[in-house]
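Undergrad: Give me a model of this one.
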Amino acid sequence: MISSQLQKEEGNKLFSDGKWAEAVQCYTKAIELSPTPNGSLVDLAVYYKNRAACYLKLERYTAAAKDATNALELVGNDTKSLFRRCQALLALGKLEEAFTDARMVLHIEPQNTAIQPVLRKITAAIQDKAKKQSSTKSKVDQMFDLAFNKECGKEKRLQACNNLIVLAREDAGAELIFKANGVMKLSRLINEKDTEIVMSAIRTLSCLCHHNKARARLVIREINPAKWFHLICLPSEQLTNAVAHMLQNIIDSISELYLLHEKRKKHEEKKRKEGPQMLGPYPQLQLDEESQQDIDSLLMAIVKLINSGKISACGRDAAIELIMKNVTNQEGVDWSKKILETDGISRLLEVGGTLQSSDAGALKITESTRMNVAVALSKIYDDLISEKSCDKFKDQCQQHMSEQFGDSDQSSQVEAIVAVSTLLQGPYVVGNSILGRQGVMEIMLAMAGSEDPLYQKVAVEALVHSANKKEKCSGMIKQAVPILKQLYHSKNENVKVRALVGLCKLGSFGGTDVSAKSFAEGSTLKLAKSCRKFLTNKATDFDLRRWACEGLAYLTLDADVKEELVDDTEAILSLIDLAKDGDKSVIYPAATVFVNMTNSYDKKEVDKEMVELAKFAKQHVPEEHEKDKKEYLDKRVSKLVKAGLVNALVCLSKTQSEMCKELICRVFFAICKNEEHRGLVVQQGGAKVCYSNRLQSMYRIYTVSTIPKFCSA
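TA: Numbers count the residues shown, from 1 in each chain. Purely as a prediction, here's the structure:
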């Protein structure tokens, strides 16, 4: 008892000195040491209400309200506790509850002068709120009347629908729309034929669902999900994006992902400030049974859309992106293991093996679809923790590919090679295991050597993605190089550029080591020149320029290529323009070029003694190129910054890929090493991008935390 009283007295002294956080610790110890249930409830109530006073000073209003309530449960009608809870509730915007407490204080102590101005303030706020709500309610009613009045004309109806979106963005307006039976009314608008009105209704529903579980749950209960999936199948990209955004809001709200991300953000901030030893367990997603069922049913329906023949190309991309955003444990609803219980992997591979075609029976895809599939498969595989789950993923891929390769139809063979190519861009280890199967490489080489431009294009693309590690490709180089050289002279530009990239990749296995080259001296410079020619020809197809960028991503490990490229102003500007386009398929190769040009890739520290030992043993010792030294590097970085590299990086940073974000952060770090560039980075939004791209590894944290310091210097 004495100990808890001493803690209280120490807390009182600290509170008087304005040391409120320290006072909280004292009152907390007093509460812990209080000998309840045999001790004095009055004393315990004092500790709680004193800690509530500290929380008020610290602006921790939820904690203050909770402590004041604890005090009132011990000693009812205590005016100090009521007053402090009233202040906390007022700060939290809970006006009606604050008003009740203020009235109770005045009822118990009619002469209390402190509560009277607070009561007047609350009364005025409640009246103002009621006035605003009355005005907003009348607007809601008026907008719904106009939206359903077909006699007033489309323009007025559409304006009314757009006004509902504006009202729904504020929580008060969203709640009034909800209470006005808005979900059912909006569902009627969704059934109309006018696309613009339908889109406005969807966007209003999306706002209603935003960060509100009850409203999101009612939307999926009241409106048949089949309606959403019918709309997402339509060929309107704006409409499918609106539906996808609404479905994402529903998933976020029902799972309360936004709250989980906030908890994790606070956890990481605390880890940086106090160290890992002060942390509790890492926040994990916890769903009640009803929420889990809702999430599962939504994602199951989305999985079925992936390879549906009825869905539009943009709708398919939207469905795959929903899987990408929600499948992982870190970013989503931890669905990677569950998708293995479905046929989702096979459906993704079917789309990943599809080529763009105008045939009526073919699946409709965009230029980005296969890359989206690769990213989705990669996210699923990387998220699997147990070896058993990884093996199950591989088995499902192997089974799908066996069926494809086992079909004697030539088109199935083509689809199988395309699917392998997609896997190699995603979970490479899985794609490589399929590539190692007997006969697969032979099929690829046979297709590459055929006279059919389609077979050549498919096979060369697969060869490019398969050549990933030098030690695994020495045999393939001997077989593939003559075919690639032959195809490079093809009249078909699509085949030619892919063969070029294949040669670039095989020719870059020496990396930055000037003494290790796969091809003859000067060959890489010739290949780079060909890539630059494709890149700068803006009259050519975007896909050709993207492939040229990928070729440079391999070749720019060579310092001679870097120097020639940086001096080719037209090529650099073309590369930056391509990056600014923001196309998903170009983000990684463009970012890789910039990493190579700025030497911001990982470099192993070389032990001088080990070098001498290797020389003595007549082992190969990597040699740095003269043009990779600091004087050349600084000039290259300055030229790139002057050409607009910072703006390009800001555009690239919109990517969802963690790997691409890391590459972008590396380049920013390389730029900011020079103090002269730091102001420009801040001015063009680079520091903001780096801060928002915080990643988890130590390198990333170092990079991102250092750039703002550089920029504020």
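Undergrad: Identify the residue spatially nearest to Asn70, adjacent ones excluded.
TA: Tyr48 (4.5 Å; Cβ to Cβ, 6 or more residues apart in numbering). Where you see a C-beta, it was placed from the backbone N, CA and C, and this is true even at glycine.
Undergrad: ignore the last one, Ala168
TA: Cys207 is the one closest to Ala168 (Cβ to Cβ, 6+ apart), at 3.5 Å.
Undergrad: So which elements touch the strand or helix carrying the residue nearest to Asn70?
TA: For Tyr48, the host element (DSSP states H and E) is helix 41-57. Contacts defined by 3 or more Cβ pairs under 8 Å, 6 or more residues apart in numbering; DSSP states H and E place helix 41-57 against helix 2-16, helix 20-33, helix 61-74, helix 79-91.
Undergrad: Using PDB, list the CA coordinates for the third one.
TA: Looking back up the chat, that one is helix 61-74. Provided in PDB are the C-alpha atoms of helix 61-74 (Å, rounded to 0.1, in the frame of the first residue of the first chain):
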ATOM      1  CA  TYR A  61      -7.700  10.800 -25.800                       C
ATOM      2  CA  THR A  62      -8.900   7.200 -26.200                       C
ATOM      3  CA  ALA A  63      -6.600   6.100 -23.400                       C
ATOM      4  CA  ALA A  64      -7.800   9.000 -21.200                       C
ATOM      5  CA  ALA A  65     -11.500   8.100 -21.800                       C
ATOM      6  CA  LYS A  66     -10.800   4.500 -20.900                       C
ATOM      7  CA  ASP A  67      -8.900   5.400 -17.600                       C
ATOM      8  CA  ALA A  68     -11.700   7.800 -16.600                       C
ATOM      9  CA  THR A  69     -14.300   5.100 -17.200                       C
ATOM     10  CA  ASN A  70     -12.200   2.600 -15.100                       C
ATOM     11  CA  ALA A  71     -12.200   5.200 -12.300                       C
ATOM     12  CA  LEU A  72     -16.000   5.700 -12.600                       C
ATOM     13  CA  GLU A  73     -16.600   2.000 -12.400                       C
ATOM     14  CA  LEU A  74     -14.700   2.000  -9.000                       C
END
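Undergrad: Just want the angle from that helix to helix 79-91.
TA: 150 degrees (axes from the mean of the first three to the mean of the last three Cα atoms, to 10 degrees).
Undergrad: hmm, back to that, state the distance from the residue nearest to Asn70 to Ala64.
TA: 10 Å (Cβ to Cβ, to the nearest Å).
Undergrad: go on, Ser530?
TA: 69 Å.
Undergrad: Can you give me the neighbour number for Asn149?
TA: By the other Cβ atoms under 10 Å criterion, the neighbourhood of Asn149 contains 12 residues.
Undergrad: Can you tell me the element the residue nearest to Val440 when sequence neighbours are not counted falls in?
TA: Distance criterion Cβ to Cβ, 6+ apart; nearest residue to Val440, sequence neighbours excluded, is Ile434 at 6.5 Å. Assignment of secondary structure by DSSP H and E places Ile434 within helix 428-435.
Undergrad: Who are the packing partners of that helix?
TA: helix 387-406, helix 410-425, helix 453-466.
Undergrad: Let me know the angle separating the last one from helix 428-435.
TA: In terms of direction (the same axes, to 10 degrees), helix 453-466 departs from helix 428-435 by 130 degrees.
Undergrad: Could you double-check that Ala643 sits in contact with Ile576?
TA: Yes. The criterion here is Cβ atoms under 8 Å, and Ala643 meets it with Ile576 at 6.1 Å.
Undergrad: who's more crowded, those two?
TA: Ile576 (20 against 16).
Undergrad: and that one, what pLDDT?
TA: On pLDDT, Ile576 comes in at 85.
Undergrad: before we move on, what about Arg169?
TA: Arg169 is given a pLDDT of 92.
Undergrad: What about it, how many residues nearby?
TA: Arg169: 13 neighbours (other Cβ under 10 Å).
Undergrad: Number the residues from 39 up from this point.
TA: With 39 as the first residue, the last one maps to Arg207.
Undergrad: so who does the closest residue to it other than its chain neighbours touch?
TA: Residue nearest to Arg207 in three dimensions, not counting chain neighbours: Cys245, with 5.3 Å by Cβ to Cβ, 6+ apart. Counting by Cβ atoms under 8 Å, 6 or more residues apart in numbering, Cys245 makes contact with Ile203, Ala206, Arg207, Ala212.
Undergrad: hang on, the last one packs against Ala254?
TA: No. Counting by Cβ under 8 Å, Ala254 is not a contact partner of Ala212; they are 11.2 Å apart.
Undergrad: Okay, now the unreliable bits of the stretch 389-538 of the chain?
TA: Within the stretch 389-538 of the chain, the ranges that satisfy pLDDT under 70 run 505-517.
Undergrad: let's see it at 80
TA: 396, 398-399, 445-446, 476, 483, 487, 501-519 (pLDDT under 80).
Undergrad: I'd say the residue nearest to Val478 and Gly464 touch.
TA: No. Look at Ile472 against Gly464 with Cβ under 8 Å: they stay out of range, at 12.0 Å.
Undergrad: what is the orientation angle of the helix holding Tyr86 with helix 117-129?
TA: 30 degrees.
Undergrad: hmm, who's touching stretch 312-323?
TA: Ser293, Leu295, Leu298, Lys301, Arg302, His305, Lys308, Lys309, Asn367, Val371, Asp372.
Undergrad: Pull up the distance across that stretch, start to finish.
TA: 24 Å (Cα to Cα, to the nearest Å).
Undergrad: From the chain's centroid, how far away is it?
TA: Here stretch 312-323 is found 22 Å from its chain centre; the criterion is Cα atoms, centre = their mean, to the nearest Å.
Undergrad: Tell me where the stretch 239-388 of the chain has helices.
TA: 251-260, 263-270, 275-293, 295-312, 327-343, 351-364, 374-377, 382-390 (DSSP state H, counting those that start in this stretch).
Undergrad: for the stretch 539-688 of the chain, that is, sorry about that
TA: 561-574, 580-593, 597-604, 607-618, 622-635, 646-654, 668-681, 683-690.
Undergrad: Pick out the shakiest of these, pLDDT-wise.
TA: Across the helices of the stretch 539-688 of the chain, helix 646-654 gives the lowest mean pLDDT, at a mean of 62.
Undergrad: you'd agree Thr278 is up against Gly353?
TA: Yes. With contact defined as Cβ under 8 Å, Thr278 and Gly353 form a contacting pair (4.5 Å).
Undergrad: tell me, what's touching the two both at once?
TA: Ile270, Cys271, Leu272.
Undergrad: In contact with Gly196, which residues are there?
TA: Just to correct that, residue 196 is Leu rather than Gly. Counting by Cβ under 8 Å, 6+ apart, Leu196 has contacts Asp232, Glu234, Ile235, Ser238.
Undergrad: Most neighbours out of those, which is it?
TA: Ser238 (25 neighbours).
Undergrad: which SSE is that residue in?
TA: helix 233-247.
Undergrad: tell me the angle the helix holding Tyr86 makes with helix 58-71.
TA: 160 degrees.
Undergrad: Dump helix 79-95 to PDB, restricted to CA.
TA: What follows is helix 79-95, C-alpha atoms only, in PDB (Å, rounded to 0.1, in the frame of the first residue of the first chain):
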ATOM      1  CA  LEU A  79     -11.100   1.200  -4.400                       C
ATOM      2  CA  VAL A  80     -11.000   5.000  -3.800                       C
ATOM      3  CA  ASP A  81      -7.200   5.000  -4.100                       C
ATOM      4  CA  LEU A  82      -7.200   2.800  -7.200                       C
ATOM      5  CA  ALA A  83      -9.800   5.200  -8.800                       C
ATOM      6  CA  VAL A  84      -7.500   8.100  -8.000                       C
ATOM      7  CA  TYR A  85      -4.600   6.400  -9.800                       C
ATOM      8  CA  TYR A  86      -6.800   5.900 -12.900                       C
ATOM      9  CA  LYS A  87      -8.100   9.400 -13.000                       C
ATOM     10  CA  ASN A  88      -4.700  10.900 -12.500                       C
ATOM     11  CA  ARG A  89      -3.300   8.800 -15.300                       C
ATOM     12  CA  ALA A  90      -6.300  10.000 -17.400                       C
ATOM     13  CA  ALA A  91      -5.200  13.600 -16.700                       C
ATOM     14  CA  CYS A  92      -1.700  12.700 -18.100                       C
ATOM     15  CA  TYR A  93      -3.200  11.100 -21.200                       C
ATOM     16  CA  LEU A  94      -5.200  14.300 -21.800                       C
ATOM     17  CA  LYS A  95      -2.000  16.400 -21.700                       C
END
